[in-house]
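A.B. asks: here you go, sequence then predicted model.
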Amino acid sequence: MDAGGTSTTAPPRSEVRPGATVSRRAVVAGLFASAGLLAGCGLRLDLPQPAPPTPTRQQVPDETLLVGFVRDLRDVVAVGEQLPKADQSREQVKEALRVLRDQASVLTGRLTNEGVPMAAIDGGPPTSAAGSATSGPPSGLTRFRSALALLPSDRWQSLATASPTSRPVLLSATSARLAAAVRLGASVPIPQAGPQAVHKALVERTAPLVYGFEVVAAQSDGAARKTALATLDALRLLLAEVGPVVPGPALPGGWQLPYAVTRPEAAARLAHDVLVRAIDGTTTILPVSPPAPALAEVAAWSARVQALGAAHGIPLMAFPGTSGTARP
């Protein structure tokens with residue numbers, strides 16, 4: 001107190017002295033006060049913060065189609081691998097499995113090269129009619145032949161809507177699969193629902209084959225002649241299936257042979273060359289945007305021609321007529 005009687009006592013200081021202990025109640029009160037301030041800023045401390053969203057992978061073009069195609073191939077290979085060893089050693093079976101495995105490997109590599117993870121390719125249930133062929137009778141070669149010939153129900157429609165990059169590759173692969181089925185005795189008839197332009201194109205490609213093998217048969221002898229005549233019969237049947245030949249200058253006899261064929265050696269060469277040319281032209285027959293029936297027709301025609309190649313030194317190829325297809 002000063003001389004005038006006025007109290008000069010200062011109010012108590014609220015600071016905590018060094019070494020003093022803060023009460024639990026004060027700490028809790030401080031935490032609530034801080035939480036209230038943070039809540040006002042839109043933050044909550046009582047809940048964990050969510051993890052940032054995982055970026056969604058964008059599918060590559062035709063990914064669903066290609067993945068389904070690969071799984072279908074694997075299903076058919078699995079049927080072949082269930083055959084007894086004696087059946088697996090047959091040339092037609094070994095050839096079919098080689099072609100299917102090559103197709104699956106190439107298409108899988110295409111997907112992974114574009115960033116599709118193997119988990120996306122491997123996952124999921126069986127995707128083809130071959131899945132049903134893996135259970136129950138019939139058994140043995142009959143089941144494998146059926147698995148090769150019985151395509152997924154949406155095969156042609158899916159190829160009709162595929163990109164121009166994928167369509168010829170998958171058409172080619174499907175025709176090779178059907179050819180393997182023919183080699184094992186399956187019937188692969190030529191559908192008649194395709195456009196008239198496709199019928200005409202197939203006639204124009206089949207008639208020269210008939211003429212070529214007439215020459216081959218005439219200039220061959222012994223076992224080679226018998227083989228040429230068997231091929232000629234198959235080609236005449238194929239020509240009858242694809243449509244009538246319109247009379248005119250395009251009839252057999254109107255083509256010029258690429259070289260003189262007067263000896264058996266030249267006949268064997270001609271047989272090989274005309275078949276290779278026909279097989280390699282598989283993907284060039286169709287229009288730019290072919291409908292599903294046209295794809296089915298061309299694939300069946302090509303399969304029938306490819307199946308004739310083995311007798312003339314032409315093995316089945318995984319992707320006939322596409323870039324990278326090697327020929328002997």
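C.D. replies: Everything's here; your move.
A.B. asks: helices along the stretch 101-250 of the chain, start to end?
C.D. replies: 118-122, 130-133, 141-149, 155-160, 166-183, 196-218, 222-242 (DSSP state H, counting those that start in this stretch).
A.B. asks: including distance to residue 108, mean pLDDT and mean neighbour count, could these go into JSON lines?
C.D. replies: C-beta: built from backbone N, CA, C; applies to glycine. Shown next, in JSON lines, are those (distance: least, Cβ to Cβ, whole Å; pLDDT from 0 to 100; neighbours: other Cβ atoms under 10 Å):
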{"stretch": "helix 118-122", "distance to residue 108": "6", "mean pLDDT": "94", "mean neighbour count": "13"}
{"stretch": "helix 130-133", "distance to residue 108": "17", "mean pLDDT": "45", "mean neighbour count": "20"}
{"stretch": "helix 141-149", "distance to residue 108": "19", "mean pLDDT": "96", "mean neighbour count": "22"}
{"stretch": "helix 155-160", "distance to residue 108": "18", "mean pLDDT": "97", "mean neighbour count": "20"}
{"stretch": "helix 166-183", "distance to residue 108": "13", "mean pLDDT": "97", "mean neighbour count": "25"}
{"stretch": "helix 196-218", "distance to residue 108": "31", "mean pLDDT": "94", "mean neighbour count": "19"}
{"stretch": "helix 222-242", "distance to residue 108": "33", "mean pLDDT": "97", "mean neighbour count": "17"}
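A.B. asks: does residue 278 really touch residue 305, like I thought?
C.D. replies: Yes. With contact defined as Cβ atoms under 8 Å, residue 278 reaches residue 305; the gap is 5.2 Å.
A.B. asks: what is in contact with these two at once?
C.D. replies: residue 209 (Cβ atoms under 8 Å, 6 or more residues apart in numbering).
A.B. asks: out of the two, which sits in the more crowded spot?
C.D. replies: Neighbours per residue (other Cβ atoms under 10 Å) separate residue 278 from residue 305, with residue 305 holding more: 27 against 23.
A.B. asks: quick one: residues contacting that one.
C.D. replies: Contacts of residue 305 (Cβ under 8 Å, 6+ apart): 209, 238, 275, 278, 279.
A.B. asks: repeat for residue 299
C.D. replies: 171, 174, 175, 178, 282.
A.B. asks: residue ranges with poor pLDDT in this structure?
C.D. replies: The chain contains residues with pLDDT under 70 at 1-49, 52-55, 124-139, 245-254, 323-328.
A.B. asks: which one of the contacts of residue 299 is nearest to residue 90?
C.D. replies: Closest to residue 90 out of those is residue 178 (18.3 Å), distances taken as Cβ to Cβ.
A.B. asks: so the closest one makes contact with residue 298?
C.D. replies: No. If you go by Cβ under 8 Å, residue 178 and residue 298 don't touch, sitting 11.0 Å apart.
A.B. asks: in this structure residue 151 contacts residue 174, no?
C.D. replies: Yes. Between residue 151 and residue 174 there is a contact under Cβ under 8 Å: 6.8 Å.
A.B. asks: hang on, the earlier thing: looking at the contacts of residue 305, which is nearest residue 226?
C.D. replies: residue 275 (17.0 Å).
A.B. asks: name the SS class of that closest one, please.
C.D. replies: helix (DSSP: H, G, I helix; E, B strand; the rest coil).
A.B. asks: and it, how many neighbours?
C.D. replies: 23.
A.B. asks: gap between it and residue 288?
C.D. replies: 27 Å (Cβ to Cβ, to the nearest Å).
A.B. asks: what does residue 142 give?
C.D. replies: 39 Å.
A.B. asks: residue 298 now?
C.D. replies: Here residue 298 is placed at a distance of 14 Å from residue 288 (Cβ to Cβ).
A.B. asks: these two - which one has more neighbours?
C.D. replies: The residue with more neighbours, out of residue 298 and residue 288, is residue 298; 25 against 6, by other Cβ under 10 Å.
A.B. asks: need the contact list for the residue lying closest to the more buried one once chain neighbours are set aside.
C.D. replies: Spatial nearest neighbour of residue 298, chain neighbours left out: residue 285 (5.2 Å); criterion: Cβ to Cβ, 6 or more residues apart in numbering. Contacts were defined as Cβ under 8 Å, 6+ apart; by that measure residue 285 touches 198, 201, 202, 205, 298.
A.B. asks: cool, thanks, signing off.
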